[in-house]
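Enquirer: From the sequence below, what's the structure:
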Amino acid sequence: KKAAMQGHVESRNNLGCSEVEKGNNNRGVRHLLISAQMGYKDSVEAIKRMFMDGNATKAQYAEALKGYQDAVEEMKSHDRDEAKRMGL
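Expert: Just a heads-up that it's a prediction; the model follows:
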C-alpha cells in the first residue's frame with residue numbers, strides 16, 4: 001500500500017485489484033484509474049473487464065483508456081523511436 005501511494009504503478013494496480021476482490025469496486029476503480037493514467041496497460045484491461053461485467057461505468061472505462069493513451073503519447077520520443085528502430 002505504501003509503495004502504491006508513493007507512485008509505484010504496479011503496486012497501485014495491485015491495490016486496485018485487491019480492493020475489487022474485496023468487493024470495494026469504487027475504491028478499486030479509483031486505484032486502477034490512477035495506474036492506467038500512469039501508462040499501465042493491465043489497469044486499463046482490468047477496468048475494461050469490470051465494465052463488461054457491469055462493475056464499472058462506460059465513463060470510467062473511457063477515462064482509463066484516454067489516460068493510458070495520453071501517458072503512452074507523453075512517453076514517446078524521437079530518440080526512443082529511433083533506438084527501437086535500430087534494435088537497441
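Enquirer: who touches residue 74 in this structure?
Expert: Residue 74 makes contact with no residue, according to CB atoms under 8 Å, 6 or more residues apart in numbering. For the C-beta atoms, the positions are set from N, CA and C on the backbone; glycine is no exception.
Enquirer: Now stretch 55-70: buried residues?
Expert: Within stretch 55-70, the residues that count as buried by 16 or more other CB atoms under 10 Å are 55-56, 60-61, 63-64, 67-68.
Enquirer: Which is the succeeding secondary structure element to the helix or strand hosting residue 18?
Expert: In this assignment (DSSP states H and E), residue 18 forms part of helix 9-21. Tracing the chain past helix 9-21, the next element assigned as helix or strand by DSSP H and E is helix 25-37.
Enquirer: Next, find the distance separating residue 57 from residue 77.
Expert: Plainly put, residue 57 is 34 Å away from residue 77 if you go by CB to CB, to the nearest Å.
Enquirer: quick one: contacts of stretch 51-60?
Expert: Taking CB under 8 Å, 6+ apart as the rule, stretch 51-60 contacts 20, 25, 29, 33, 47, 50, 61.
Enquirer: Right, I'll call it a day here.
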